[in-house]
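Student: structure of the sequence below:
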Amino acid sequence: MNRCHKCGTPWISEAKIPGVKECCETCSAYLHCCLNCRYYKPSAHNQCYIPTTDWVADKEGANFCDEFVFRDAEEAKDKTAEQDVARGTLDELFGGQDESENKGLEDFRRLFGQ
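Tutor: Residues are numbered from 1 along each chain as shown. Below you'll find the model as predicted:
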C-alpha cells in the first residue's frame, strides 16, 4: 500500500503515481518526492538507486523525476523490523550502548592515569 513518508496516511488513487505537486491530505507533505520513491537509497550516488538520475537537494520536496515509483510501505516496514533485529543481535554481542560504554571510558582513564 502506498503511504505518505511523513505521517503514514495511505494514498488512495486510481493513478499509478501521484502528480508532481500532489500533497498528503493529512500532513500536506509532497507525495511525488524522493522519500516516497522506491529507488531512494541514501548510500547510493545522488541518493538514488538509478545512477543516471539528476541530483535532488530537497528529498522531501516535489520533483519531476521520471523514474519515480511509489515505494511499498509494507516492504519498508519489513526492512525496519529486520534492522531492529540486527541491531538487537549486535547489542547482545557487543554489549549495546548502555553502561558498558561509560565503563569502557572509565577503564581507559584508569589505564592512562587520568
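Student: alpha carbons only for contacts and neighbour counts from here, please
Tutor: Fine.
Student: got the contact list for the residue most central in space within the chain?
Tutor: In the chain, the residue lying closest to the centroid (CA atoms, centre = their mean) is Leu35, at 7.2 Å. Taking CA atoms under 8 Å, 6 or more residues apart in numbering as the criterion, Leu35 is in contact with 5, 59-60.
Student: same check on Phe94?
Tutor: By CA under 8 Å, 6+ apart, the contact list for Phe94 is empty.
Student: quick one, phi/psi of it?
Tutor: Phe94 adopts backbone torsions of phi -110, psi 0, taken as degrees, to the nearest 10.
Student: how close does it get to Ile12?
Tutor: 44 Å (CA to CA, to the nearest Å).
Student: helix, strand or coil for the residue nearest to the centre of the chain?
Tutor: When classified by DSSP: H, G, I helix; E, B strand; the rest coil, Leu35 comes out as helix.
Student: how about Arg87?
Tutor: Going by three-state DSSP: Arg87 is helix.
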